[in-house]
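In: coords please:
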Amino acid sequence: MNIETLNELMKINNINSYLQLSKKIAIPYTTLLDLINGRGDKLSNIRLIADFFGVKISYLIEDNKKIITINEKNLVSVEKYIGYNFLSNLLSN
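Out: Coordinates of the predicted model:
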């Protein structure tokens, strides 16, 4: 699981600790720590986290994505891709 992505989602949602997150998603704290430390691989637990934050599972597993746009003056803009479902659905259409 991409820890940077998880931490970013937690920050956006005002979740201050992994303990707080484990209580909100109803999985044991030790199970969450196993996922964070790369020892857990149970897809159902990753799905719980993804569903809680409203993101696709792949967003939690893959490296952070960037959206690169080029404006009419050929200036490049790089924005962090947040990965919320509504944005993902827009991008996949």
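In: helix or strand: which one has residue 58?
Out: Element membership for residue 58 (DSSP states H and E) is helix 57-61.
In: okay, buried residues for that helix please.
Out: Under the neighbour-count criterion of 16 or more other Cβ atoms under 10 Å, helix 57-61 has 59-60 buried. In short, each C-beta sits where N, CA and C put it, glycine included.
In: what mean pLDDT does that helix get?
Out: With pLDDT averaged residue by residue, helix 57-61 scores 83.
In: any idea how far residue 54 is from residue 12?
Out: Applying Cβ to Cβ, to the nearest Å, the value for residue 54 to residue 12 is 11 Å.
In: tell me which of the two has more neighbours.
Out: residue 54 (15 against 11; other Cβ atoms under 10 Å).
In: what is the burial count for residue 26?
Out: Residue neighbour count, defined by other Cβ under 10 Å, stands at 8 for residue 26.
In: for it, give me the pLDDT.
Out: Turning to residue 26, the model gives it a pLDDT of 94.
In: over to the one 3 residues further on?
Out: Reading off the per-residue confidence, residue 29 sits at a pLDDT of 95.
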